[in-house]
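**Student:** What follows is a protein structure lacking sequence information:
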């Protein structure tokens with residue numbers, strides 16, 4: 001599941017200056033700069049448009065960036081790296097989706113304050129903005145371009161909040177023509193570029209789904225193309241650019257998801273990309289000349305680019321980090337990509353395919369930060385209660401050693417079913433820079449480690465997965481550079497739930513908890529699933545439980561109903577507009593824990609939903625978390641007046 005203080009945040013800019021501070025360290029330990037939250041978060045995030053990001057003359061790229069403090073659309077000159085702002089929002093985040101094939105118009109999506117009710121907008125060359133999907137209470141998604149380039153595809157639930165219909169949108173007048181009316185709980189998964197074929201997914205359970213194909217020029221009835229008597233999980237990656245094949249992923253042949261092709265005319269199914277880890281994506285250049293695939297190799301993405309005619313793999317230049325978002329120029333002589341590492345946010349690069357030379361267009365890390373001060377994560381395994389090996393990523397502060405033991409935090413990812421991966425996380429770097437070890441644990445039920453591991457926590461949430469998190473704490477306690485008496489837990493969304501579960505059901509294990517928009521009452525959360533999640537409802541019930549039939553168990557694993565057990569300090573962060581974890585979830589747990597006489601800090605952002613879209617709110621949260629941990633875990637004295645942050649207990 002993926003954001004105000006009931007206390008109120010005020011004075012943020014002056015409160016969180018980018019100046020560095022020094023911690024008092026033993027004389028034998030060399031001091032390193034400790035950066036304030038504003039310094040860490042004043043780095044920039046950048047991502048590329050999905051379709052036609054390269055301009056028709058191959059001179060500029062469309063990107064999204066939070067350079068201004070909130071996401072907007074920019075054009076980047078590929079020779080100079082100069083950014084030109086195309087949108088100038090200061091309230092709602094704007095996320096670029098695509099350029100137009102033959103002119104300078106731009107497609108983006110945006111919601112209101114994080115409510116996730118996205119509309120599709122076109123930014124005209126004149127600067128005028130057209131809402132292609134007007135109306136109240138609807139959600140729309142961009143679904144790609146037609147081969148004629150005279151229309152693009154979208155899905156919208158305007159007709160029925162529970163179902164997404166597919167539409168063709170004219171580039172001339174933005175009129176919508178319905179192509180497929182979704183009356184049977186389908187999940188739309190892709191369309192061939194000629195618009196003839198549609199791929200749909202029918203969810204049978206959380207372990208089993210099927211792919212159906214619709215021929216719009218035939219009888220237009222969904223045809224099952226993945227018949228199987230066993231529980232098999234399928235995903236759709238892409239149609240090939242020649243509209244001859246559907247590329248899909250399946251775990252039918254082993255623990256991990258592999259890529260296969262389905263011949264649209266003959267129905268023949270053949271293997272395409274096989275690996276000992278999950279294939280995460282397969283895509284193609286516009287001409288179909290190049291195929292790009294990504295494999296999630298032990299929490300690190302490995303990208304491969306193949307020239308389809310020769311079968312040769314393109315060798316990218318030696319770049320320090322994990323490449324992603326591969327986009328080919330219109331003439332396919334160059335490609336753009338973003339590069340991410342543990343110590344550096346994503347940067348934008350251009351690669352010349354003829355020479356192999358690369359050009360770096362951005363420097364996203366705040367120049368006030370010495371990158372060598374940041375730390376790389378180490379992929380580790382630790383045994384759980386039943387000796388199952390649990391993967392995780394361990395971050396060790398630079399000055400941590402046996403003579404300078406540091407406090408630690410177990411970090412729990414979102415989901416259920418998410419995964420902590422290598423790559424830049426500003427919050428983790430902030431924590432480690434302030435002297436906290438972090439173990440990002442991928443407890444059973446996490447994705448990326450095979451289907452058996454993924455389903456080990458089904459109907460066992462708050463039980464076996466929680467034991468894995470407790471044993472992460474036990475593992476940290478074996479490290480001679482960790483202070484075993486000062487270990488806390490932090491997480492967001494499902495990870496926030498695990499914070500509440502740990503404090504309520506294992507009350508003697510952790511010293512503090514930081515819950516960021518976490519589920520506290522599974523009965524209410526599952527009863528209030530947003531309507532646009534309806535196609536996934538059965539899968540969620542299979543994994544977590546149906547509130548109509550499993551209310552007793554869901555009550556038993558919900559921290560709210562056991563809040564009297566919580567005896568250690570708690571920090572709660574919530575977005576007022578969160579449609580997934582309603583604000584009342586956090587209101588109630590805060591009230592209940594305060595009634596125990598336990599210190600609780602509560603932050604509510606009136607302009608966020610299930611996550612953060614504004615840098616100022618990220619800074620406020622980062623600063624509040626460090627202040628809370630320093631006070632409650634390190635035992636430091638924090639001058640609240642100096643922070644400009646009103647803190648309540």
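**Tutor:** Sure, I can see it. Since we're looking at a predicted model, the values are computed, not measured.
**Student:** Only C-alpha atoms from now on, for both contacts and neighbour counts.
**Tutor:** Will do.
**Student:** give me every residue that touches residue 574.
**Tutor:** Taking CA atoms under 8 Å, 6 or more residues apart in numbering, we find residue 574 in contact with 3, 4, 516, 517, 583, 586, 602, 603, 604, 605, 609, 610.
**Student:** roughly how far apart are the last one and residue 329?
**Tutor:** Residue 610 sits at a distance of 34 Å from residue 329 (criterion: CA to CA, to the nearest Å).
**Student:** Which of those two has more residues huddled nearby?
**Tutor:** residue 610 (26 against 22; other CA atoms under 10 Å).
**Student:** Distance from the chain centre to the longest helix belonging to the chain, please.
**Tutor:** If you go by DSSP state H, the chain has its longest helix at helix 615-632. Counting by CA atoms, centre = their mean, to the nearest Å, helix 615-632 is centred 21 Å from the centre of its parent chain.
**Student:** any idea of the mean pLDDT in it?
**Tutor:** Confidence for helix 615-632, expressed as mean pLDDT, is 98.
**Student:** I'd guessed residue 162 sits against residue 532; true?
**Tutor:** Yes. At 5.4 Å, residue 162 counts as touching residue 532 under the criterion of CA atoms under 8 Å.
**Student:** Could you tell me which of the contacts of residue 574 are located in helices?
**Tutor:** Judged by DSSP H, the contacts of residue 574 include 583, 586 as members of helices.
**Student:** Drop the exposed ones from the contacts of residue 574 and show what's left.
**Tutor:** 3, 4, 516, 517, 583, 586, 602, 603, 604, 605, 609, 610 (16 or more other CA atoms under 10 Å).
**Student:** before we move on, the earlier item: and the contacts of residue 574 as CSV, adding distance to residue 448?
**Tutor:** Converted to CSV, those look like this (distance: CA to CA, whole Å):
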residue, distance to residue 448
3, 26
4, 33
516, 23
517, 24
583, 31
586, 30
602, 33
603, 32
604, 33
605, 32
609, 27
610, 23
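**Student:** Closest one of the contacts of residue 574 to residue 218?
**Tutor:** residue 610 (41.8 Å; CA to CA).
**Student:** any idea how far residue 349 is from the closest one?
**Tutor:** Residue 610 is 30 Å from residue 349, by CA to CA.
**Student:** what does residue 41 give?
**Tutor:** Relative to residue 349, residue 41 is positioned 22 Å away (CA to CA).
**Student:** More neighbours: the two, which one.
**Tutor:** Higher neighbour count among residue 41 and residue 349: residue 41, with 25 against 20, using other CA under 10 Å.
**Student:** hang on, the earlier thing: mind checking which of residue 162 and residue 532 has more residues around it?
**Tutor:** More crowded of residue 162 and residue 532, by other CA under 10 Å: residue 532, with 20 against 16.
**Student:** and the more buried one, what is it in contact with?
**Tutor:** 139, 157, 161, 162, 163, 164.
**Student:** For these, which entry has the maximal number of neighbours?
**Tutor:** Result: residue 164 is most packed of those (other CA under 10 Å), 28 neighbours.
**Student:** can you tell me which residues contact that residue?
**Tutor:** Per CA under 8 Å, 6+ apart, neighbours of residue 164: 155, 156, 157, 158, 181, 182, 187, 188, 532.
**Student:** Within the helices and strands, which one has it?
**Tutor:** strand 163-170 (DSSP states H and E).
**Student:** chain center to that strand: distance?
**Tutor:** That offset, for strand 163-170, works out to 25 Å (CA atoms, centre = their mean).
**Student:** so what strands line up beside that strand?
**Tutor:** Applying DSSP bridges, strand 163-170 is found paired with strand 151-160 (antiparallel), strand 176-180 (antiparallel).
**Student:** And it, what's buried?
**Tutor:** For strand 163-170, by 16+ other CA under 10 Å, it's 163, 164, 165, 166, 167, 168, 169.
**Student:** Quick one: mean pLDDT over it.
**Tutor:** Here the average pLDDT along strand 163-170 is 96.
**Student:** Any stretches of the protein with poor pLDDT?
**Tutor:** For the chain, applying pLDDT under 70 flags the ranges 1-30, 636-649.
**Student:** Next, count neighbours for the residue lying closest to residue 454 once chain neighbours are set aside.
**Tutor:** Closest residue to residue 454 apart from its sequence neighbours, by CA to CA, 6 or more residues apart in numbering: residue 445 at 4.1 Å. Using other CA under 10 Å, residue 445 has 26 other residues around it.
**Student:** and if you look at residue 62?
**Tutor:** Going by other CA under 10 Å, the residues that sit close to residue 62 add up to 27.
**Student:** Pop out the phi and psi values for it.
**Tutor:** phi -90, psi 130 (degrees, to the nearest 10).
**Student:** measure it to residue 56 for me?
**Tutor:** From residue 62 to residue 56 the distance is 12 Å (CA to CA).
**Student:** Equivalent analysis for residue 209, please.
**Tutor:** Per CA to CA, residue 209 is found 40 Å from residue 56.
**Student:** quick one on the thing from earlier: okay, among the buried residues of strand 163-170, which ones form the most distant pair?
**Tutor:** Across the buried residues of strand 163-170 (CA to CA), the longest gap, 18.5 Å, separates 163 and 169.
**Student:** Please verify my assumption that residue 232 contacts residue 206.
**Tutor:** No. Residue 232 lies out of contact with residue 206 (CA under 8 Å); the separation is 9.6 Å.
**Student:** ranges for the helices of the stretch 451-600 of the chain?
**Tutor:** For the stretch 451-600 of the chain, applying DSSP state H, counting those that start in this stretch gives helices covering 451-454, 464-477, 494-505, 522-527, 537-544, 551-556, 583-594.
**Student:** still on that earlier bit, any idea which of the strands paired with strand 163-170 gets closest to residue 509?
**Tutor:** Taking the strands paired with strand 163-170 one by one with CA to CA, strand 151-160 is closest: 45.1 Å.
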